[in-house]
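Engineer: Next one to model:
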Amino acid sequence: MPLFVMCSTIGAANGTMFAGGRTLYVAARENQFPEVLSYVNVRRVTPIPCIIFTTVVALLMLIPGDIGSLINFVSFASWMFYSLAIVSLIVLRFIRKNEPRPIKVFILFPITFLCCSLYLVVAPIIQNPRLEFLYAFLIIIGGLVFYVPFVHFRIHKSCFNPVTLFVQLLMEVGPSSYVPDSE
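Structural biologist: Below is the predicted model:
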């Protein structure tokens with residue numbers, strides 16, 4: 001049994017590494033993250049900066065050293081984002097009623113899912129308040145400090161150019177041929 005658990009864990013980590021790096025790559029292509037994260041290796045055409053960035057973030061999450069803390073941290077953050085995604089779905093359902101949708105589910109399903117996900121966010125805080133929940137919340141809110149000026153207001157600082165050039169030379173990466181849709 002432990003062998004199967006180990007194989008499952010390695011498989012999940014492998015899939016998460018591939019999907020996480022490429023999700024970050026696509027977000028950077030759509031100007032949601034720094035441009036350097038949208039670069040790909042010139043020989044292998046893989047998003048090396050994203051994979052390394054994802055690895056560094058994963059290593060930072062291991063600092064507490066306790067697997068239980070890590071599980072609490074990740075599950076709390078994940079379910080918080082799931083809740084926010086469902087809230088946006090419900091809000092858009094009422095604000096933009098006439099927008100074309102490829103899939104339209106009965107409104108009770110997202111509301112039920114929202115209630116369950118909110119329970120999974122709030123119940124651990126009430127049952128066993130721990131510092132990991134505060135860290136996760138502060139990291140998520142702290143992201144707004146970078147998102148608002150650099151993504152929402154599109155402020156481009158030239159101080160990032162030397163860092164971008166250094167990463168390009170170090171990792172042999174360059175911009176991909178993809179051009180995002182202009183709004």
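Engineer: Let me see the backbone angles for Val173.
Structural biologist: Its backbone dihedrals place Val173 at phi -120, psi 160, with angles given as degrees, to the nearest 10.
Engineer: surely it meets Cys50?
Structural biologist: No: counting by C-beta atoms under 8 Å, Val173 sits too far from Cys50 to count as a contact (9.9 Å). Any C-beta I mention is one placed from the backbone N, CA and C, and that applies to glycine too.
Engineer: and Pro175, how many neighbours?
Structural biologist: Using other C-beta atoms under 10 Å, Pro175 is surrounded by 13 other residues.
Engineer: what's the pLDDT at Ala85?
Structural biologist: Among the per-residue scores, Ala85 holds a pLDDT of 92.
Engineer: On the three-state scheme, it is what?
Structural biologist: Here Ala85 is helix, with the state taken from DSSP: H, G, I helix; E, B strand; the rest coil.
Engineer: What of Thr46?
Structural biologist: At Thr46 the chain is in coil, as set by three-state DSSP.
Engineer: For it, grab the count of nearby residues.
Structural biologist: Under the neighbour criterion other C-beta under 10 Å, Thr46 is assigned a count of 15.
Engineer: give me the number of residues near the nearest residue to it once chain neighbours are set aside?
Structural biologist: In space, and not counting its chain neighbours, Thr46 is closest to Val40: 6.2 Å by C-beta to C-beta, 6 or more residues apart in numbering. One way to gauge burial is a neighbour count; for Val40, by other C-beta under 10 Å, it gives 22.
Engineer: and Val40, how far is that from Gly142?
Structural biologist: Applying C-beta to C-beta, to the nearest Å, one obtains 28 Å for the distance of Val40 from Gly142.
Engineer: Who are the contact partners of Ser38?
Structural biologist: If a contact means C-beta atoms under 8 Å, 6 or more residues apart in numbering, then Ser38 has 25, 28-29, 47, 175-176, 178 as its contacts.
Engineer: 7 Å - rerun?
Structural biologist: By C-beta atoms under 7 Å, 6 or more residues apart in numbering, Ser38 lies in contact with 25, 28-29, 175-176.
Engineer: which of those sit farthest apart?
Structural biologist: Distances among these were taken as C-beta to C-beta; the most separated pair is Tyr25 and Pro175, at 11.8 Å.
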